[in-house]
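> This is the structure alone, sequence omitted:
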């Protein structure tokens, strides 16, 4: 499939925690990030959950968890289901993650404005290395949760 018709359905900041008192000027800042995906088969939705942690000497002083929910056109969603499994192609996963990274940059910029950590930013990420394969989700059996 070359194109996957979709639209952004919902954005949500699941968790934002900033502990400015733990930040120390002059000490290297490390940023950890991670991405996970889930599916709502009934509503043909895909959720991209992105997490970002800012650390100094193994102490976390800023954490953000963000959900971006995308609605996939039903016919496209259904066409990705084979043998009771939905396969989301890696290029689409990376697209959702790229979108989420941009949103996260804006959230961090806005929430950190006027604080001692306002000069920090979310660095560039190589999502080709981070997300390197398709994701496969089994259709739920009758009576199971659809996510």
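Cool, the structure landed. All of these numbers come straight from a predicted model, not from anything done at the bench. Residues are numbered from 1 along each chain as shown.

> and residue 95, which of the three is it?
helix (DSSP: H, G, I helix; E, B strand; the rest coil).

> just the one 5 residues further on next, same as before
Look at residue 100: counting by three-state DSSP, its state is helix.

> That one touches residue 34, doesn't it?
No. Applying Cβ atoms under 8 Å as the test, residue 100 and residue 34 come out as separate, 11.0 Å apart. No exception for glycine: its C-beta is placed from N, CA and C like everyone else's.

> which intervals of this structure have sub-threshold pLDDT?
1, 143-147 (pLDDT under 70).

> hey, where'd the strands end up in it?
6-18, 30-40, 45-56, 59-72, 81-82, 85-88, 135-138 (DSSP state E).

> Switch those strands over to CSV; also include distance to residue 126 and mean neighbour count.
Below are the strands of the chain laid out as CSV (distance: least, Cβ to Cβ, whole Å; neighbours: other Cβ atoms under 10 Å):
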stretch, distance to residue 126, mean neighbour count
strand 6-18, 23, 13
strand 30-40, 11, 15
strand 45-56, 15, 20
strand 59-72, 19, 19
strand 81-82, 30, 11
strand 85-88, 20, 16
strand 135-138, 18, 14
